[in-house]
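Undergrad: Give me coordinates for this.
(chains A and B, ligands or ions: 2)
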Amino acid sequence: MSQDILMPALSPTMEEGTLAKWLVKPGDAVRSGDVIAEIETDKATMEVEAVDEGKVEALLVDAGTEKVKVGTVIARLSGGASFETPAAPAPQDDVKPEPAPKVDHAERDALPPKRHPEEGAPAPVSKDDFPTGAKLTKTSVRDALRDAMAEEMRADPRVFLMGEEVAQYQGAYKVSRGLLEEFGDKRVIDTPITEHGFAGAGVGAAMAGLRPIVEFMTWNFAMQAIDQIINSAAKTRYMSGGQISVPIVFRGPNGAAARVAAQHSQDYASWYAHVPGLKVVVPYDAADAKGLLKSAIRDPNPVVFLEHEMLYGQEFDVPEGEWLVPIGKARVRRTGKDVTITAYSRMVGLALQAAEVLAGEGIEAEVIDLRTLRPLDSATIIDSVKKTHRIVAVEEGWAPMGVGAEIIARVIEGAFDWLDAPPARVSQEDVPMPYAANLEALSLPSVDKIVKAGKAVCYRS
Amino acid sequence: MAGKTAAKKPEGRNSGGDADLLAFYRDMLLIRRFEERAGQLYGMGLIGGFCHLYIGQEAIAVGVEHARAKGDQVITAYRDHGHMLAAGMDPRGVMAELTGRAGGSSRGKGGSMHMFSPETGFYGGHGIVGAQVSLGTGLALANRNMGNGAVTFCYFGDGAANQGQVYESFNMAELWRLPIVFVIENNQYAMGTSIERASAETHLYKRGASFLIPGEEVDGMDVEIVAAAAKKAAAHARSGTGPYILEMKTYRYRGHSMSDPAKYRTREEVDEVRKTRDPIDHLAEHLEKQGVREDALKIIDAEVKAIVAEAVEFAKASPEPDPRELYTDVYGA
Ligand SMILES: Cc1ncc(C[n+]2csc(CCOP(=O)(O)OP(=O)(O)O)c2C)c(N)n1
Ligand SMILES: [Mg+2]
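TA: Residues are numbered from 1 along each chain as shown, chains lettered A, B, ... in the order given. Ligands and ions are numbered 1, 2, ... in the order given. As a prediction, this is how the structure comes out:
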């Protein structure tokens, strides 16, 4: 009886990888736990372990093969002794010996895709605000963030990075790749798992004149530190009558990640956007991620910089050379006359896809990428609504007391007489994030939900 | 204050008789085989998100369970499959939770990191590093106030040992003489950070010293030693004297989670521990020396494999949760 070994998925988002190296050859006996191969993805090299005993019958994919899809049969094992039940009777009579492992490809194919279904190819970006003649390079959001930090650290010796796994491990999501090597361990600092402590230490260092970048492995863990962010970072300039400034950036991935359940999957945008004294930045593409992070590092105020794990690997054009994006300016990513859609971070991609679908149905949507939530660029939103007379506000977080609620309040304050339909919101359902794949998909905002809302405000069904 | 006097193997070894040792063997093997299959299902895409395997650390959950009386509670972090199986939760419900199905112990809503079972005394399954230490202290506070004689076993890692709330909890626990055993699973790494790179004092059993909590270091790779140490600590906590700290020296064989390439340590380091300190191999050898026939162990192997296979079948066959479940359980009536 033989057993297929499949190309494993080693992370929630992995779809393919390179089979770098075989550590066994046909005829070798393997035990459960033995490392049999090495696989490379864009993030890392991983080991594949055998999960049962057996003899290697055949290696079906050559070492060095790139883009091997998850689920491909890469080797075949013949079943070993451990598959045979000893002759003695099993102590329980209702349990059957394990049948030979069988790989059901149909079952595998029927599985939901590793990405969120609405995560299509990156939407096209209008290049209108790149400097004319600038050379554009395809860059992932991950590398754009790293480049922003590296450039600012080169330019200003006061800038340093601190957080869990940022130095030797190169970042839990590999955003700080290469920084330790270039800047050394006084400026790229691995911290213990002590968010409240190191966030406070960052604020203290900023008070004393340094320019810290504090990375939270994810914003979920910043809840341990939210007191220092709000009570110490946001309020000190005011409380000191302007004597003390706290030029610090708190950054890391925010929002929904894939299948990690309620405590690891949440959008904190509205939490921080509520607080005077903080600036809150929510970039979508790589150019904005880079340009806004550089502005955030130079800003004399505490900046909450909310990235998105599911965007890290996406590539976009970034202009070469010095590139800054001002904090507080939204960007119209698509123009249209029928409905205004506001979005931020990963939701911008969904809104652009929804606009494409709506265009097919004769509705021209204008998509505004908010880019910054505090200060919020109300003027751009209000100007747009005065033209379209309709608004759909999209956010990844919960709707009650949220970003959409604030945007709609501003529209009503600033363009009440121009509205032709009640405003609409698209958001995460009002529940903690569920783990089950089907419930998770139902709970998240989607292209489909945005399209429906767009039609509803146009009184179309 | 107990010093660094590591707990000794109990005289005569098998204080509870051979039956205990065979049960230890079975329970550790169940966790090992369960985790191996969970890793495999993850690779097949049937389990998503984060999945933290307990392989290598089995002796701790199993040995501590031996000291647990009916009504005693267990609480831990996200590396929780082993503790749940040791506490007596149904492997089918645990596996089906990993696959996110209606038959899962949290009905598919919690996943790997968030399972609970008040009837077996298991209080989760927590994803925020250190949070379970305050929560466990609260369980013990309830035990004290209700006078139910129960003890709380509160697990956390070497990385978690640096969180502030751990020390806030230590202080409350000793101040109020709470019946709690803090079990530190020192597997030497917190993700990619070795304990030396994160901790000024690496002897974690000393971390209670300034709160006057006794602590000791324990070989967490030997289930008998773990069981003996846990019994002693539980007796201390149950007597109303206050908390106790056990620092279990252990090792995780796999990456931090499924997506960790574990490049921060050498393969030799992992192989060395597997070869020389594996808790299951170690006990098997001991049993064979004691004259337990290899056949007897083979029968246990087969039994365990069958249980795990059945759990996998159940976890695959169980349907996805009903879409209406999305909105249930947010509030109670
Ligand atoms: C407050 C918080 N910070 C960071 C994380 C991310 N994280 C998850 S596990 C982990 C390492 C914990 O290591 P340790 O306590 O030694 O437990 P082990 O994983 O070794 O069992 C980190 C940093 C988290 N879940 N919660
Ligand atoms: Mg650890």
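
Undergrad: could you pull out the strands for chain B?
TA: Counting by DSSP state E, chain B has these strands, from start to end: B:73-76, B:122-125, B:152-157, B:180-186, B:189-190, B:193-194, B:215-219, B:244-249.

Undergrad: Can you confirm whether the last one lies near ligand 1?
TA: No: Strand B:244-249 stays clear of ligand 1 (CB under 6 Å from any ligand atom), getting no nearer than 11.1 Å. Just so you know, the C-beta spots here come from the backbone N, C-alpha and C atoms, and that holds for glycine as well.

Undergrad: so what's residue 232 scoring on pLDDT?
TA: Answering for chain A, as no chain was given. As summarised for this prediction, A:S232 has a pLDDT of 98.

Undergrad: I was thinking of chain B, sorry if that wasn't clear
TA: pLDDT, the model's per-residue confidence, is 98 for B:K232.

Undergrad: again with B:M258
TA: Turning to B:M258, the model gives it a pLDDT of 88.

Undergrad: Tell me how far the residue in the stretch 151-300 of chain B that ligand 1 sits nearest to lies from A:V457.
TA: Ranking the residues of the stretch 151-300 of chain B by distance to ligand 1 (CB to the nearest ligand atom) places B:G157 first, at 2.3 Å. If you measure B:G157 against A:V457 using CB to CB, to the nearest Å, the figure is 50 Å.

Undergrad: and the two? which has more neighbours close in?
TA: Just comparing B:G157 and A:V457: by other CB atoms under 10 Å in any protein chain shown the higher neighbour count belongs to B:G157, 27 against 23.

Undergrad: Is that one in contact with B:Q132, as I believe?
TA: No: B:G157 is not in contact with B:Q132 according to CB atoms under 8 Å; the separation is 10.3 Å.

Undergrad: joint contacts of those two?
TA: Taking CB atoms under 8 Å, 6 or more residues apart in numbering or on different chains as the contact definition, B:G157 and B:Q132 share the neighbouring residues B:A77.

Undergrad: circling back: list the contacts for the residue of the stretch 151-300 of chain B closest to ligand 1?
TA: If you count contacts by CB under 8 Å, 6+ apart, B:G157 has them with B:77, B:79, B:129, B:184-187, B:190.

Undergrad: so it bridges to which residues?
TA: Each beta-bridge partner of B:G157 is listed here: B:E185, as defined by DSSP bridges.

Undergrad: Test for you: state the pLDDT assigned to it.
TA: In this model, B:G157 is scored at 98, pLDDT.

Undergrad: Pick the most buried one from the strands of chain B.
TA: Comparing those on average neighbours per residue, with mean count of other CB atoms under 10 Å in any protein chain shown, the densest one is strand B:180-186 at a mean of 29.

Undergrad: Does ligand 1 have contacts with stretch B:83-99?
TA: No: using CB under 6 Å from any ligand atom, no contact is recorded between stretch B:83-99 and ligand 1, whose separation bottoms out at 11.2 Å.

Undergrad: Show me how far that stretch is from its chain's centre.
TA: Stretch B:83-99 sits 13 Å away from the centroid of its parent chain (CA atoms, centre = their mean, to the nearest Å).

Undergrad: likewise stretch A:311-331?
TA: Computed by CA atoms, centre = their mean, the separation of stretch A:311-331 from the middle of its chain amounts to 16 Å.

Undergrad: What of stretch B:252-266?
TA: Using CA atoms, centre = their mean, the mean C-alpha position of stretch B:252-266 is found 18 Å from that of the whole chain.

Undergrad: can you count the residues close to whichever residue of the stretch 351-461 of chain A sits closest to ligand 1?
TA: Closest to ligand 1 within the stretch 351-461 of chain A is A:M433: 14.8 Å, counting by CB to the nearest ligand atom. For A:M433, the tally of surrounding residues (other CB under 10 Å) stands at 23.

Undergrad: mind checking how far it is from chain B?
TA: For A:M433, the distance to chain B equals 9 Å [CB to the nearest CB, to the nearest Å].

Undergrad: and that residue, what is it in contact with?
TA: By CB under 8 Å, 6+ apart, the contact set of A:M433 is A:256, A:260-262, A:265-266, A:440, A:443.

Undergrad: that's a strand at it, yeah?
TA: No: residue state for A:M433 (DSSP: H, G, I helix; E, B strand; the rest coil) corresponds to coil; a strand is not indicated.

Undergrad: what's the nearest residue to it if we skip its chain neighbours?
TA: Using CB to CB, 6 or more residues apart in numbering or on different chains and skipping the chain neighbours, the partner closest in space to A:M433 is A:S265 (4.0 Å).

Undergrad: wouldn't that neighbour be in contact with A:A257 here?
TA: Yes: contact criterion CB under 8 Å: A:S265 and A:A257 qualify, at 5.3 Å.

Undergrad: Please say which of the two ends up with more neighbours.
TA: A:S265 (26 against 23).

Undergrad: Quick check: pLDDT value at that one.
TA: If you check A:S265, the pLDDT there is 97.

Undergrad: Same check on A:K174?
TA: With respect to pLDDT, A:K174 has a value of 97.

Undergrad: helix or strand for the closest residue to A:A225 other than its chain neighbours, which one?
TA: Across the structure, with CB to CB, 6+ apart as the measure, the residue nearest A:A225 apart from its sequence neighbours is A:A199 (3.5 Å). Assignment of secondary structure by DSSP states H and E places A:A199 within helix A:195-207.

Undergrad: Get me the contact residues on chain A for ligand 1.
TA: Near ligand 1, the residues belonging to chain A are A:164, A:193, A:195, A:217, A:221, A:224 when assessed by CB under 6 Å from any ligand atom.
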